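>>> Got a predicted structure here, sequence first:
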Amino acid sequence: MHTYRLLFFLFSITLSGVVSAQSNKPVGGHFGVKVGANFTQIAISGASQNIPKRALEPHLGVMYRYRYNRLVVQPEALLSVRGGTFQQEVAGSTTGARTTNGVSYYYASLPILLGFIPTEGLTIQAGPEFSYALNAGQTGGPGAKSDFGIAAGVHYDFLDMLNKFSLHIRYVHGLTNISPEATAIYNNRNLQIALVYNIFPNKKKK
C-alpha cells in the first residue's frame, strides 16, 4: 500500500512540472483527460470450475505527455473496471447448460509509458503498469490487492480541426496472480481503447 501511495505522489509531482508546449512541438508537454472501454477477461490456469469470458467495462483518467524530439514519456492515473464473466457447467445437466456470473474488479492504476514517434502523429508506447484493487478480498473481487502488468500500444493524434483529440489503443498483460481460489491462477488480460482530450497550454504572446 505504501508503494502505491509513493507512486501516486511521484506522479502528482510530475504533473506539476508542465511545460508550455504542444504535443506537435519537438520539445514540451501537456495534460490530457481520457475515457474509454476495457475489453477485459481473466486468464485462468490450474483447477477451477470457472470458464472465463470477455466483458466490456469502462475506464477514465488523466495523463501527462512530455515529448523530447521523437521520444515520449507518458505517466497516467486511471480508474478502471476489469474482470469479465465466469461460466460454470450446471451439475447433472445432460445438455451442457451453463450459468453465467459477472465479476467486477475495481482498480486504481498508474501506467508509466515510454514512446517513440516513427512518423508525426503516431507514437508506439510500452511500459509497466502498477494497479491497486479497490475491492480486493470482497465478494466478486480479486484475491490480491496489487497487480503488476506490462502495457503496450499506440497513441494517435488527430489533425486539423480535431487536433485536441487523440486515440489510445493498448493491451495490458497482467503478471500477478489475483486469484481468490487456492487451486487456480488468475491473470488480468485487458484491451483498452480510449479517446483523449488534450489540454494544451496557452501560447505566450509575443
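The structure has been received and is ready for your questions.
>>> residue ranges for the helices of the protein, please.
Along the chain, the segments classed as helices by DSSP state H run 2-16.
>>> bridging residues for S166?
With DSSP bridges as the criterion, S166 is bridged to D157, V196.
>>> Could you verify my assumption that it touches F158?
Yes. Using CB atoms under 8 Å, S166 makes contact with F158 at a distance of 6.6 Å. For the C-beta atoms, the positions are set from N, CA and C on the backbone; glycine is no exception.
>>> Common neighbours of these two, please.
Overlap of the contact sets of S166 and F158 (by CB atoms under 8 Å, 6 or more residues apart in numbering) is empty.
>>> Burial check on L71, number of neighbours?
12 (other CB atoms under 10 Å).
>>> From G115, how far out is it?
7 Å (CB to CB, to the nearest Å).
>>> still on that earlier bit, between S166 and F158, which has more neighbouring residues?
S166 (22 against 15).
>>> pLDDT score assigned to the more buried one?
Note for S166: predicted pLDDT of 97.
>>> Let the chain start at 6 from now.
Yes, from this point I'll number from 6; that puts the last item at S171.
>>> how near is it to G154?
Counting by CB to CB - S171 and G154 are separated by 22 Å.
>>> Isn't V77 up against F121?
Yes. Using CB under 8 Å, V77 is in contact with F121, at 7.3 Å.
>>> Those two - which one has more neighbours?
V77 (20 against 12).
>>> Next, the contact list for the more buried one, please.
Per CB under 8 Å, 6+ apart, neighbours of V77: 70-71, 118-122, 128, 130, 160.
>>> Extract the C-alpha trace of stretch 32-49 and format it as PDB.
Taking Å, rounded to 0.1, in the frame of the first residue of the first chain, the C-alpha atoms of stretch 32-49 are listed here in PDB:
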ATOM      1  CA  VAL A  32      10.100  19.500 -27.100                       C
ATOM      2  CA  GLY A  33       7.400  20.100 -24.400                       C
ATOM      3  CA  GLY A  34       4.400  18.600 -22.600                       C
ATOM      4  CA  HIS A  35       0.700  18.900 -21.900                       C
ATOM      5  CA  PHE A  36      -2.100  17.300 -19.800                       C
ATOM      6  CA  GLY A  37      -4.900  15.200 -21.100                       C
ATOM      7  CA  VAL A  38      -8.200  13.700 -19.900                       C
ATOM      8  CA  LYS A  39      -9.200  10.200 -21.200                       C
ATOM      9  CA  VAL A  40     -12.300   8.000 -21.200                       C
ATOM     10  CA  GLY A  41     -12.700   4.600 -22.900                       C
ATOM     11  CA  ALA A  42     -13.600   1.000 -22.800                       C
ATOM     12  CA  ASN A  43     -11.900  -2.200 -21.500                       C
ATOM     13  CA  PHE A  44     -12.400  -5.400 -23.300                       C
ATOM     14  CA  THR A  45     -11.400  -7.500 -20.300                       C
ATOM     15  CA  GLN A  46     -11.000 -11.100 -19.400                       C
ATOM     16  CA  ILE A  47      -9.400 -13.300 -16.700                       C
ATOM     17  CA  ALA A  48      -6.900 -15.900 -17.900                       C
ATOM     18  CA  ILE A  49      -7.300 -19.000 -15.600                       C
END
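>>> remind me which residues of the chain are low pLDDT?
Applying pLDDT under 70 to the chain picks out residues 6-29, 96-101, 209-211.
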